[in-house]
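Peer 1: have a look; sequence and predicted model below, questions after that.
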Amino acid sequence: MTYMIKGANAPVPAVPLRVAVGRQSVPGAPTVSAAALLLDAAGAVRGDADIVFQHRPVHPSGAVRHVGTGQGAGQLAEWLEVDLLRVEPDVQRVLIVGSCADGTFGQVPGLYAQVSTFDATVVAQYAVTDATAETAFVLGELYRRDGAWRFRAVGQGYEDGLAGLTRDVGGSGAVTPVAPVTAVAAPAPVTPSTTPVTPSASPAVPSAPGPVPLAGVGKVSPGPGPSSDAAAYSASASPVPPVSAPTKLVPSYAPGTPAVGTSVEPPSWAADFFTFEPLVYRGKGSKTITVDLPFPPNGEPVILEARTEEYNFLSVKIPGREDDVFLSDLPDHYGRQLMVPSRKGGPLTLKVRNSGAWQLTVLPLSAALPLDFGTVTGSGHEVFLRTGPAAELKVRAEDPHKGWFQMHYHWGDTPGDLRRPAKRIVYEWNGRRVREKVALPSGPLLVTIDKSRHQWELTLDAAAPDEPVRGARKGWLR
């Protein structure tokens, strides 16, 4: 772990990260609300959509999420997730911001920002020790430098609150401080002290010594906070892609139950697969594009993420193949699908058809969403990675138009094994309402929703005691 002082910076891995904006859990202390602001090269947000907070919990790109509030080990924090692989090229910095509605940051005990990977390894932590009368605070920022990502401990406060911050970076001040998420029991009301909390004697010592074991973190719905800006922006926000509970936390659907069987190791194959920076292609109508990557012969699939604007229906086809990558409506103008390169390797040609504007992003397989115990919700096509033990998957999906719903898992010892699914686990041809319960073997394996116009909910529980457990495969190494 890197303990940081104000102004210091440190490299962070270019992987999905979790960021906690936390404090000591002390009755009567002011509520701290977390937000992320995505800034362009000019240091400004491009619009209100670049401000991610509780009432707008997901950025349109899917790269940044507000995933909830939780507490444990004497700490209280709000969590953000930042998938650095999916951050748009136009975004140069992601500010990590806190705001207070019922006090000042000088009254917040043990304020800190903590950056960790999805396997709970803390890579940076900054403890704020000099806050006074501020009501908005930039704790840190993730920023690009020489093709890599770094985290800087900023420590800049605003006594005039979010109005001062938005004056610097643009936007309409939509990050309205909100009440705590109801999943976390709030302390009994106590009149806040007017005396600032005395900071730690040493700025190098963080308030929390390690990863914060928070509970009750899961899918976030807009809460009962102030209705001025927050309600309006919540109503116009983009649909929420799936959000999974942080690893090793208590799943929100079973408060107080230990998260037995959650993934305990990062996927060992991630560094051994074909890796590359995400490639983004934009167009309108019908167009042929070339994915100019040196795909290895007989290599593993990659992820194709699709977004549309005016029209939902999208066709993406690899010439010479019978099956399309996409050939369906995207119910929320968004979907992710596995795309299999040529067995000979080399660049890949795609024929794209849509009646309006579209965007395709090619991502490495390591960008699959983690599937851990708990519940995730979303729509359309999606790609998940499961690395834990055998489990039971409950599938709930609905489509008023009775569309086709299909799920597979991919499992194997080599990249070539992953090119084709190992087993179809859900198949509904006239699937207005899908209700299935299926067994998943121990990972690592890929789980895909590859046919869907549905709004869906997936819940992963421990396998039944009599469920046979097959051994995990050997890491998919070349």
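Peer 2: Good, I have the coordinates.

Peer 1: list the residues that contact the closest residue in space to residue 339 that isn't next to it in sequence.
Peer 2: Once flanking residues are discounted, residue 339 sits nearest to residue 304: 4.2 Å by C-beta to C-beta, 6 or more residues apart in numbering. C-betas here are computed from N, CA, C, even on glycine. By C-beta atoms under 8 Å, 6 or more residues apart in numbering, the residues touching residue 304 are 316, 325-326, 336-339, 360-363.

Peer 1: distance to residue 35 for the residues you listed - can I get that in TSV?
Peer 2: Putting those into TSV (distance: C-beta to C-beta, whole Å) gives the following:
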residue	distance to residue 35
316	34
325	35
326	33
336	25
337	31
338	33
339	34
360	29
361	24
362	30
363	25
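
Peer 1: least confident pick among the residues you listed?
Peer 2: Among the contacts of residue 304, residue 363 has the lowest pLDDT, at 85.

Peer 1: what sits closest to it if chain neighbours are left out?
Peer 2: residue 303 (4.2 Å).

Peer 1: that neighbour touches residue 336, doesn't it?
Peer 2: Yes: assessed by C-beta atoms under 8 Å, residue 303 is found in contact with residue 336 at 5.6 Å.

Peer 1: who's more crowded, those two?
Peer 2: For residue 303 versus residue 336, the count of surrounding residues by other C-beta atoms under 10 Å is larger for residue 336: 26 against 23.

Peer 1: secondary structure element for the more buried one?
Peer 2: Assigned by DSSP states H and E, residue 336 belongs to strand 334-339.

Peer 1: what's that strand in contact with?
Peer 2: By C-beta under 8 Å, 6+ apart, strand 334-339 touches 62, 239, 241, 301-307, 314, 318, 325-326, 348, 362-363, 379-383, 410, 446, 448, 450.

Peer 1: which among these count as buried?
Peer 2: The neighbour-count test (16 or more other C-beta atoms under 10 Å) marks 62, 241, 301-307, 314, 318, 325-326, 348, 362-363, 379-383, 410, 446, 448, 450 as buried among the contacts of strand 334-339.

Peer 1: so how far is the helix or strand hosting the residue nearest to residue 339 off the chain centroid?
Peer 2: For residue 304, the enclosing helix or strand under DSSP H and E is strand 302-308. With C-alpha atoms, centre = their mean, to the nearest Å as the basis, strand 302-308 stands 16 Å off its chain's centre.

Peer 1: next SSE after it?
Peer 2: Defined by DSSP H and E, the subsequent element after strand 302-308 is strand 313-317.

Peer 1: next, count neighbours for residue 459.
Peer 2: Neighbours around residue 459, by other C-beta under 10 Å: 17.

Peer 1: any idea what it is bridged to?
Peer 2: For residue 459, the beta-bridge partners under DSSP bridges are residue 375, residue 394.

Peer 1: list the buried residues in stretch 147-164.
Peer 2: Quick answer for stretch 147-164 (16+ other C-beta under 10 Å): 149, 151-158, 161-162, 164.

Peer 1: of the residues you listed, which one scores lowest on pLDDT?
Peer 2: residue 162 (82).

Peer 1: against residue 94, how distant is that residue?
Peer 2: Per C-beta to C-beta, to the nearest Å, residue 162 is found 17 Å from residue 94.

Peer 1: now do residue 415
Peer 2: From residue 415 to residue 94 the distance is 32 Å (C-beta to C-beta).

Peer 1: which of these two has more residues huddled nearby?
Peer 2: residue 94 (28 against 21).

Peer 1: does residue 89 sit in a helix, a strand or a coil?
Peer 2: Secondary structure for residue 89, judged by DSSP: H, G, I helix; E, B strand; the rest coil, is coil.

Peer 1: so it sits against residue 280, correct?
Peer 2: Yes: using C-beta under 8 Å, residue 89 is in contact with residue 280, at 6.5 Å.

Peer 1: the more surrounded of these two?
Peer 2: Just comparing residue 89 and residue 280: by other C-beta under 10 Å the higher neighbour count belongs to residue 280, 17 against 10.

Peer 1: residue contacts, the more buried one?
Peer 2: 88-89, 359-361.

Peer 1: just the buried ones from these?
Peer 2: Neighbour counting with 16+ other C-beta under 10 Å marks 88, 359-361 as buried within these.

Peer 1: what sits closest to residue 396 if chain neighbours are left out?
Peer 2: Residue 396 sits nearest to residue 457 (C-beta to C-beta, 6+ apart), 4.4 Å away.

Peer 1: surely the one you found is within a strand?
Peer 2: Yes: under three-state DSSP, residue 457 falls within a strand.

Peer 1: thought it was touching residue 376?
Peer 2: Yes: applying C-beta under 8 Å as the test, residue 457 and residue 376 come out as touching, 7.5 Å apart.

Peer 1: tell me which of the two has more neighbours.
Peer 2: Legend: neighbour count by other C-beta under 10 Å for residue 457 and residue 376, higher for residue 376 (22 against 17).

Peer 1: would you map the helices across the protein?
Peer 2: Listed in chain order, the helices of the chain (DSSP state H) span 162-169, 229-236.

Peer 1: confidence-wise, which of these is weakest overall?
Peer 2: Out of those, helix 229-236 stands lowest, with a mean of 26 (criterion: mean pLDDT).

Peer 1: so how far is residue 346 from the residue lying closest to residue 350 once chain neighbours are set aside?
Peer 2: The shortest distance from residue 350 to any non-neighbouring residue, by C-beta to C-beta, 6+ apart, is to residue 289 (5.2 Å). Using C-beta to C-beta, residue 289 is found at 15 Å from residue 346.
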